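S.K.: Here's my sequence, what's the structure:
(chains A and B)
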2 protein chains.
Amino acid sequence: MKYEFSARAHTLQSSPLLSIRTQMRRGSLISLAEELPAEELFPLSLLAEAASNVITANAEALQYGDPAGYGPLREWLTGDWFKSKGVTVNEGGVLLTTGSQQAVDLLSRVYLDSGDRVLVEHPTSPGCLQALRMQGALIIPVQGDREGLLPDHLLSQIKKYRPKMLFAAPSFSNPSGNLWSLERRKEVLELCAAHNVLIVEDDSYGDLHFEKYDQHPAKRYPSLYALENVSHGGHVLYIGSFSKTVAPALRTGWAAGSPELISMMSAAKGMADWQSSPLNQRLLYHLLDVSSFDLREHIALLNREYHTRLKLMAELLKRPAWKGSSYDLPKGGMFLWVALPQGLDANSLLKCALSKGVAFLPGPLCCVEGGGGHIRLNFSHPGRDALLLGMNLMSEAVTEFTARN
Amino acid sequence: MKYEFSARAHTLQSSPLLSIRTQMRRGSLISLAEELPAEELFPLSLLAEAASNVITANAEALQYGDPAGYGPLREWLTGDWFKSKGVTVNEGGVLLTTGSQQAVDLLSRVYLDSGDRVLVEHPTSPGCLQALRMQGALIIPVQGDREGLLPDHLLSQIKKYRPKMLFAAPSFSNPSGNLWSLERRKEVLELCAAHNVLIVEDDSYGDLHFEKYDQHPAKRYPSLYALENVSHGGHVLYIGSFSKTVAPALRTGWAAGSPELISMMSAAKGMADWQSSPLNQRLLYHLLDVSSFDLREHIALLNREYHTRLKLMAELLKRPAWKGSSYDLPKGGMFLWVALPQGLDANSLLKCALSKGVAFLPGPLCCVEGGGGHIRLNFSHPGRDALLLGMNLMSEAVTEFTARN
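M.R.: Next comes the predicted model:
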């Protein structure tokens, strides 16, 4: 039969990431394209021990659970972990999701009708753009600089478009790796609160902060959620994930905020898939609360290693091939967002790079429109050798491409 | 701020199931309301062993995986397991989902626009109705009898409404437990194929077949998918789950069908949550293909126990309190769909039952409209003692309620 897909299904047009992934799994490709953590740093033995303990302790670990997620893990989050970040969440204020991506999708489904206007920090994450497009939202970019969104442009876009929502990642956004200043955080929050714009604050990368401070980095760069500091009816939905700090295959993220929002999202969650894996949630809880694992120490370990990889990548970008390119060195996260030398197009460069055995993410996937002059490079996943080899191949591709033009 | 939810978010109005679940987890309630398998039959020690092996064997088990799901588990499904049911699926024809509910939701999102008409076997599963309503579909019931959907009514509804889709569960539907005859399966398939109606065939309960045959039950009652037997462009999407046969907390279901459909659903899956837990999928694969676990033997064990519980429940329904009620004894599945004595309303009875410490699912949750004269009773989860006690409390509630009216 001829399948008649829905009008918005076409927004799901296949991303080049899919074929990159397939080639990567065949081992024929070095990928600087994805958002993968370094698997050699996963706490495998403690996770294996947790799994074995959780499964044998109680058959309920394998049964259906609460659509909002395993209670003790939600309490762990809203306890010391959130509190150390100044984030206060009331009972009924947390939903566990299948990664932070599902939090974005569920909120879009319960909050947006087709044609509703949504502001996004620009460039923004490919997953966010996909979820918003699938919901039929009109996506409107807001300009920013190194300090964060530009308040003047934000205000003019708010006045012009009357948006329902702003999507932003003030701490190490995907792809730019930008870290907003405290001043800018306050200004953005104030403007959105004054105009009834719901802020979706993605803090998935916030813990990957490489600088050293006397105080907790979250005190110096508080989340918008923490800055507003209200427990009901607030303007910020705070989302995050264990994918970057523990392991992605546990598929555990969260949305935290006003119980009214969370309750509607939980109902949508039940409709979408009943619940995420309660087994994985119990396993995480055991790891975090019962075993000898220390998440803060583990994150410090990740940050040391990722920082080294970032510095290596930055060194390799000094080679002659990259003359004319530019980037801001991020203080954390997983990505470098590189402006290509003039005349180079990201999508064309990708074909050339793939033929040499290396992949990156072309800028247009992170942009409402345009973006062809940028690429996103991931430095967290490739080990140092792979990073060196991958960047050599990238340099070759750029050189060949520049010579050709 | 005042949250302005999307127009369809109101279709997610809270179901009484949520408060039933909360009370049940507090241990204060016997629930005949849910669709839970018996947790005392979970293969716990083999699962613990599998988890420990999988995690220590390879760090990739904790990394992001393929959005379509772990390859070897998809191959396991499409190999002997599907083949023994006469189900042939080509490469690219399977997507692993977070339970069968997500398969229904993803298909609805890529196939239905608001206002599209969808036929449903009636009564039908609460989860299916929720997903269709959230997508804005017009839901149209088709009448059936003990043999399955009535071809005449199906044809007249097709002609009248020109629907895009039919949702049906020919083997032990939720809630009626009905098992369609072979003849009726052929007729329904033929009508839908002739009128370009995509059939979503939910086979989540098909293996819970209590009768004994010389041949595999699926040969006697082939799925609509197996009956059509085409690998591309077919009229049937075949969905199912390991939730009822192994364990729900692994949250692993599937959709199988034409690669064109599956590819679009996989793109939607990536947008919705990237992927379901690859760790759980590897764990299942290890259990099914590497360990000494035998899924067929395990299902036979479940069926013996569930059949015993069903017979016990049927015995208890012979008590005087239930005079005037009626039901068809199912040959499998997890539910009895009981027509209440005249004058009894399911929602009002639920309040009375809850006050006594027992819960059931009121019929309206399974119906497009009406359904107040029916209740769904689950016999798979409560152990024999709980079943006896629960049915005693149910009898009390019915008696009290009848006396009151």
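
S.K.: ok, how many other residues are close to A:Glu75?
M.R.: 14 (other Cβ atoms under 10 Å in any protein chain shown). For the C-beta atoms, the positions are set from N, CA and C on the backbone; glycine is no exception.

S.K.: hang on, I meant A:Ser292
M.R.: 8.

S.K.: Helices along the stretch 251-400 of chain A, start to end?
M.R.: Applying DSSP state H, counting those that start in this stretch to the stretch 251-400 of chain A gives helices spanning A:259-273, A:278-285, A:295-316, A:346-356, A:384-404.

S.K.: closest to B:Leu224 out of these?
M.R.: Of all the helices of the stretch 251-400 of chain A, it is helix A:259-273 that lies closest to B:Leu224, at 24.0 Å by Cβ to Cβ.

S.K.: quick one: the closest one to helix B:259-273, angle?
M.R.: 160 degrees (axes from the mean of the first three to the mean of the last three Cα atoms, to 10 degrees).

S.K.: So helix A:259-273, near chain B or not?
M.R.: Yes: contact of helix A:259-273 with chain B (Cβ under 8 Å from any Cβ of the partner chain) involves A:260-261, A:263-264, A:267-268, A:270-273.

S.K.: Phi and psi next, for A:Ile199.
M.R.: phi -100, psi 130 (degrees, to the nearest 10).

S.K.: bridging residues for it?
M.R.: Applying DSSP bridges to A:Ile199 gives these bridge partners: A:Leu166, A:Val236.

S.K.: Isn't it up against A:His235?
M.R.: Yes: using Cβ atoms under 8 Å, A:Ile199 makes contact with A:His235 at a distance of 5.7 Å.

S.K.: which residues are in contact with both of the two?
M.R.: A:189, A:192 (Cβ atoms under 8 Å, 6 or more residues apart in numbering or on different chains).

S.K.: and the nearest residue to A:Trp322 once chain neighbours are set aside, how far is that from chain B?
M.R.: Nearest residue to A:Trp322, sequence neighbours excluded (Cβ to Cβ, 6 or more residues apart in numbering or on different chains): A:Val398, at 6.5 Å. Noted for A:Val398: a distance of 27 Å to chain B, by Cβ to the nearest Cβ, to the nearest Å.

S.K.: My guess is A:Val398 contacts A:Arg319. True?
M.R.: No: the criterion here is Cβ under 8 Å, and A:Val398 misses it with A:Arg319 at 9.1 Å.

S.K.: Looking at the two, which is more packed in?
M.R.: A:Val398 (24 against 14).

S.K.: Read off the pLDDT value for the more buried one.
M.R.: Predicted confidence (pLDDT) for A:Val398: 95.

S.K.: before we move on, what about A:Leu12?
M.R.: For A:Leu12, the model assigns a pLDDT of 88.

S.K.: Can you report how many residues lie near it?
M.R.: By other Cβ under 10 Å, the residues close to A:Leu12 number 23.

S.K.: residues in contact with the closest residue to it other than its chain neighbours?
M.R.: Nearest non-adjacent residue to A:Leu12, counting by Cβ to Cβ, 6+ apart: B:Ala267, 3.9 Å away. When contacts are counted by Cβ under 8 Å, 6+ apart, B:Ala267 touches A:9, A:12-14, B:67, B:110.

S.K.: again, but for A:Gln102
M.R.: Contacts of A:Gln102 by Cβ under 8 Å, 6+ apart are A:253, A:269, A:272, A:276, B:272-273.

S.K.: Please identify which pair of those residues lies farthest apart.
M.R.: A:Gly253 and A:Ala272 (13.8 Å).

S.K.: The two: which is more packed in?
M.R.: For A:Gly253 and A:Ala272, the more surrounded residue by other Cβ under 10 Å is A:Ala272, and the numbers stand at 30 against 26.

S.K.: So for the more buried one, what's the nearest residue that isn't a sequence neighbour?
M.R.: B:Asp105 (5.1 Å).

S.K.: What of A:Tyr285?
M.R.: Using Cβ to Cβ, 6+ apart and skipping residues adjacent in sequence, the residue nearest A:Tyr285 is A:Leu73, 4.3 Å away.

S.K.: Helix, strand, or coil at the one you found?
M.R.: helix (DSSP: H, G, I helix; E, B strand; the rest coil).

S.K.: roughly how far is stretch A:331-341 from the heart of the chain?
M.R.: With Cα atoms, centre = their mean, to the nearest Å as the basis, stretch A:331-341 stands 14 Å off its chain's centre.

S.K.: pLDDT on it, on average?
M.R.: On average, stretch A:331-341 scores 97.
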